[in-house]
Each structure stands twice: as C-alpha cells, then as structure tokens.
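J.: Need coordinates for the following:
(2 chains)
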Amino acid sequence: MLTSLYVEGGSWFHRVPVRAKLVALALLSIALFATDSPFLLLPAFLLSGWLYLSLGLRPREALSRVGFVFFTILILAAVNLFLVPVPQVAALVLRLMALVLFAAAVTATATIGAFMDEVTILLKPLERLGLLRAADVGLALGLVLRFVPDIFARYQALAEAHRARGLPVRPLTIIGPLIILTLKDADTIAAAIDARGFRRQ
Amino acid sequence: MNTRDLVLVALFTAIIVVLGLVPPITLGFIPVPITAQSMGVMLAGCIIGAKRGALAFLLLVLLVAIGLPVLSGGRGGLAVLAGPSGGFIFGWAVAAFVTGLVAERFVKPATSEARQFAGFFLASVLGGIVVLYGIGIPWLSAVTGTPLTAAATGSLVFIPGDLLKAAIATLAARAVYAGYPLLPARV
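T.: Next up is the predicted model:
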C-alpha cells in the first residue's frame, strides 16, 4: 500500500551517497535563493530537469510526481504576473522548479534504509541531550508502516457497515469510531512491545 | 515518554496517512473537495493533546522526507517540502501543538457538553487555521516573492472550508472524548 518513491536503477546519481545528495540539495537551495539572474537559474533548471529525467522513470510517472507542486508554482506565478516585474516571476519559476526537480531526483535515488541511517545520525545530538532516543524514532516509523493497512481495512469495514444499513458514507460518522477503535489498541501494542523488551527499559 | 505514548503517536500518524487514502469529501455548496487528511492537525491536537499531537506530525513529516507517498493524492518526497506549500507542512507540528494546548486548557471531564464543543472548536480554529496560516503564508510569500498581503488575501478563499473542517473535527473530537478520553488535563 505504501510503496516508497525510490526507483531501482544504476545511474551515476544512484551511486552518489545519500549524505552527499542531501548536502547538495541544501547548498543548491541556498545558492538558488541568492541569485535572481536567469543566466544562472536557467542552466540550474535544465541541469536538474536532465538529472531527474535521466534516472529511468517513465515520463508519465516522472511528471505525476512533480505535477502537483508544479501546478502550485504556476498558479502562484500567474498571480505574481500582476504584482511583480516579469523577470522576477521568471526567476521564481525557474528557481523553484529547479529545486523541486533536484529534490525529486534525491528522493527517487535514495532508499528508505539509507535515509533512515542519515536521520539516525542527525538525531544523535538530540539523543545526547536526552531529548529522545533514535531507536524510538525507528520503532515509531515501523509501527506506522505496520498499522496503515490495518487501519485502512478498518475504514473500509466501517464504510461497508454504513452501506449495509443504508446510511450515506460520511466522514463525520466514520472518523470517530475509526479513531476510537484504533487508539484502543494502543495499550495492547504497548504491552506487547514492553513484553519483548524492544525498548530495553 | 512511555511506550504507550509512543504507540499512540505512531497510531495517530497512521490514522492521518489513512485519512489521505480515503476519497475526498464533496459538499454541494463548496466547489473544492475536502481531503479528510487536512483535518488531521485539528484532530491530533484535540484528541491526543499538544505534545503527542505535535510528535505525530513530526513523524509524518519524517515519512514525507524519506520518500513515502503519505500525503493525500499519493504525494510525498523532498519535492513536496521544497515546493511553495512546504511551510504548511512544516507548520503542521506547531499547529497541532497549539491546538492541543488550547484543547487541554478548555476541555475537562467536568465541563458541560456545550463548553467542550466550544473548547474543541476554538482549539481547532486557533491551531488549525490561525497558527497554520501564520506559518504557511509568510513562508509562501518568502519563497515565491508574492507580496505578503496578496498571499494572505488569496488564502481567504480557503477560510470557509477550514471553518467547516474545524466543525467536523470538533464533532469527531468530542465523540472520541466521550468514548475514549486521551486528552491530558492541564490547569
């Protein structure tokens, strides 16, 4: 149900370590916001676009991943045409689209596992301060992935129960029972986790 | 944080993900369909409280960042965070926290039913609309160069839909509070 946005492939960008890609993304976002010059932004946009399209995604899939964000950018650009000078609007569109394409390329070439390794490293300072435990974050993440299909099945059962009684399927009458039924499991799940000593307490 | 809190946070994040998978709500009098997921901020704050609600959304943002399509319409990945509406996504955790603070302050087991409804509605509006827009709009304005006033005026279109979401979230939160109260009490 929750398939990662990672794309199998052997491009050179796949082989770049995740940390390098994330640092590059951060640096790119700073660099692109520092300039308004189309002579820098246009090449950045073209390079990001070429990079993204060279990853082995089918064109339709590639477009659908960034389509919604591009749509927002174009709407805002259309509004901006009435409010700010045209060169600035062009700079804005190129800059944001370049950034979004590069970000989509990073997402498409890094596995969940590789990302989690980086997240764990980023969480280390917080762990040292005693604010949280990196292992807990991994556990919570695993729980979410484990329970999404269950909760979705529960939603469908509730919708089915509505239809069986001739009631319209309204979120208002489903959300309440869905949340209560799901959260009532919390005690059992917590007991199961503690019984297995997953959190070493 | 004990294991039960951790599990509640994870389960609520999972509920928010599921709310993004179900078909959007269509209403006769509002042209844009409402995604059930966008009520998540209000529901999280009102149902599991400030701290756990905020953590549930931090976990969701983490899921988005590591490339899982957990947002409504199958959106996800760093591209969504880099786009103009990134501020709203980062603002969710703060919005859920404020919603929770207000709900914890105004809703207690002893208060009358009407005041519980009022408390949840106030919490949803303050956290889910005022705080969320207070973060999302300046962010959008900074990223896109749209003047702040224009961005704010344009966002007014969404306010009626948001008030409706607050009303639905209020009814759902109160139903959960009556059936299985989890909201911590705050004096």
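J.: Checking A:Gly166 next. Helix, strand or coil?
T.: On the three-state scheme (DSSP: H, G, I helix; E, B strand; the rest coil), A:Gly166 is labelled coil.
J.: mind checking the backbone torsions on it?
T.: Summarising the backbone geometry of A:Gly166 under the convention degrees, to the nearest 10, its torsions are phi 70, psi 20.
J.: I'd like to know how many residues surround residue 18.
T.: With no chain named, the answer covers chain A. Neighbouring residues of A:Val18 were enumerated by other CB atoms under 10 Å in any protein chain shown; the total is 18. No exception for glycine: its C-beta is placed from N, CA and C like everyone else's.
J.: Wait, chain B was what I had in mind.
T.: Once other CB under 10 Å is used to define contacts, B:Val18 is seen to have 24 neighbours.
J.: Which secondary structure state is assigned to the closest residue to it other than its chain neighbours?
T.: In space, B:Val18 comes closest to A:Ile151 once its chain neighbours are excluded; the distance is 4.6 Å by CB to CB, 6 or more residues apart in numbering or on different chains. Using three-state DSSP as the criterion, the local structure at A:Ile151 reads helix.
J.: in what helix or strand does the residue nearest the centre of chain A lie?
T.: Closest residue to the average C-alpha location of chain A: A:Thr107 at 8.0 Å, with CA atoms, centre = their mean. For A:Thr107, the enclosing helix or strand under DSSP states H and E is helix A:86-109.
J.: For A:Ile174, give its distance to chain B.
T.: Per CB to the nearest CB, to the nearest Å, A:Ile174 is found 8 Å from chain B.
J.: Now do the phi/psi pair for that residue.
T.: phi -100, psi -40.
J.: can I assume A:Arg19 is in contact with A:Val119?
T.: No. Applying CB atoms under 8 Å, one finds A:Arg19 not in contact with A:Val119, separated by 11.1 Å.
J.: Just the C-alpha atoms of the host helix or strand of B:Leu81, please, in CSV.
T.: With elements taken from DSSP H and E, the one containing B:Leu81 is helix B:78-82. C-alpha atoms of helix B:78-82 as CSV (Å, rounded to 0.1, in the frame of the first residue of the first chain):
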residue,chain,number,x,y,z
LEU,B,78,11.5,16.0,-0.7
ALA,B,79,9.9,17.7,-3.7
VAL,B,80,6.8,18.5,-1.7
LEU,B,81,8.8,20.0,1.1
ALA,B,82,10.8,22.1,-1.4
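J.: ok, and what's touching it?
T.: Residues from elsewhere that reach helix B:78-82 (CB atoms under 8 Å, 6 or more residues apart in numbering or on different chains): A:25, A:29, A:65-66, A:68-69, A:96, A:99-104, A:106-107, B:61, B:64-65, B:67, B:71, B:86, B:89-90.
J.: tilt between the helix or strand following the helix holding A:Thr107 and helix A:86-109?
T.: Once helix A:86-109 ends, the next helix or strand along the chain (criterion: DSSP H and E) is helix A:112-128. Per axes from the mean of the first three to the mean of the last three CA atoms, to 10 degrees, the angle that helix A:112-128 makes with helix A:86-109 is 100 degrees.
J.: give me every residue that touches the residue most central in space within chain B.
T.: When chain B is reduced to its mean C-alpha position, the nearest residue by CA atoms, centre = their mean turns out to be B:Val41, at 1.2 Å. Contact criterion CB under 8 Å, 6+ apart gives B:Gly53, B:Phe57, B:Trp92, B:Ala95, B:Ala96, B:Thr99, B:Gly127, B:Gly128, B:Leu132 as the residues in contact with B:Val41.
J.: before we move on, what about B:Ala123?
T.: B:Ala123 makes contact with B:Met42, B:Gly45, B:Cys46, B:Val98, B:Thr99, B:Gly100, B:Leu101, B:Val102, B:Ala103, B:Phe106, B:Val107, according to CB under 8 Å, 6+ apart.
J.: What segments of chain A are strands?
T.: Secondary structure of chain A (DSSP state E): no strands present.
J.: any idea how it splits into domains?
T.: A:12-116, A:133-195 (automatic domain parsing).
J.: Buried ones in stretch B:142-155, by neighbour count?
T.: Across stretch B:142-155, burial judged by 16 or more other CB atoms under 10 Å in any protein chain shown covers B:Val143, B:Thr144, B:Gly145, B:Thr146, B:Ala150, B:Ala151, B:Ala152.
J.: do the same with stretch B:10-27
T.: B:10-22, B:25.
J.: Find me the pLDDT at B:Pro31, would you?
T.: Among the per-residue scores, B:Pro31 shows a pLDDT of 60.
J.: now swap in B:Ile48 and tell me
T.: With respect to pLDDT, B:Ile48 has a value of 96.
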